[in-house]
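Novice: attaching a predicted model along with its sequence, questions to come.
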Amino acid sequence: MFRLVFYLFLSVVLISIVRAILGVILKGFSSLFQTTQPAHPVARATGTPLTGELKRDPVCGTYTVASNAIQHSVKGETFYFCSARCRDEFAAQRR
Ligand SMILES: [Zn+2]
């Protein structure tokens with residue numbers, strides 16, 4: 001009778017140990033996958049806000065967020081550009 005209880009106890013301990021080891025392994029794997037797949041890498045790299053008014057660059061046709069765009073006013077009208085190069089090109093055309 002004592003042996004039966006002992007073996008039952010031993011099997012319970014063994015199962016809990018195996019489960020703990022498996023849990024650690026699975027945790028390690030999930031953290032491994034989390035580090036290899038960062039969410040929105042482009043947004044993090046550039047720091048560009050994902051919301052905001054979109055303005056069309058009249059030179060190259062690219063849509064840029066108004067708060068990030070390079071602004072240039074001509075006779076009270078404001079134009080938005082993706083880069084200083086496009087703004088300079090636009091200014092050269094208007095000259
Ligand atoms: Zn442009």
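Specialist: Arrived safely, thanks for sending. Numbers count the residues shown, from 1 in each chain.

Novice: near the ion, which residues of this protein?
Specialist: Within reach of the ion by CB under 5 Å from the ion, the chain has these residues: D57, C60, T62, C82, C86. Where you see a C-beta, it was placed from the backbone N, CA and C, and this is true even at glycine.

Novice: top of those residues by number of neighbours, please.
Specialist: C86 (22 neighbours; other CB atoms under 10 Å).

Novice: enumerate every residue touching the closest residue to that one other than its chain neighbours.
Specialist: Counting by CB to CB, 6 or more residues apart in numbering, V59 is the residue found nearest to C86 once chain neighbours are left out, at 4.0 Å. For V59, the contact set (CB atoms under 8 Å, 6 or more residues apart in numbering) comprises F81, C86, R87, E89, F90.

Novice: most neighbours, which of the residues you listed?
Specialist: Counting neighbours by other CB under 10 Å, F81 comes out on top of these with 24 neighbours.

Novice: one step back: which pair of the contacts of V59 spans the longest distance?
Specialist: Put simply, by CB to CB the two of these set farthest apart are F81 and E89, 8.7 Å from each other.

Novice: how far does whichever helix in the chain runs longest sit from the chain's center?
Specialist: Ordering each helix of the chain by length in residues (DSSP state H) puts helix 2-36 first. Between the centre of helix 2-36 and the centre of its chain there are 34 Å (CA atoms, centre = their mean, to the nearest Å).

Novice: mean confidence for it?
Specialist: Mean per-residue pLDDT for helix 2-36: 84.

Novice: try stretch 67-75
Specialist: Mean predicted confidence for stretch 67-75 is 92.

Novice: return the set of buried residues in it.
Specialist: A69, I70, H72 (16 or more other CB atoms under 10 Å).

Novice: do you know the pLDDT at A39?
Specialist: The predicted local confidence for A39 is 57.

Novice: should've said V42
Specialist: 50.

Novice: do the same with the one 5 residues further on
Specialist: At G47, the model reports a pLDDT of 58.

Novice: about what we covered before: widest-spaced pair of the residues of the chain next to the ion?
Specialist: The most widely separated members of the residues of the chain next to the ion are T62 and C86, with 8.0 Å between them, by CB to CB.
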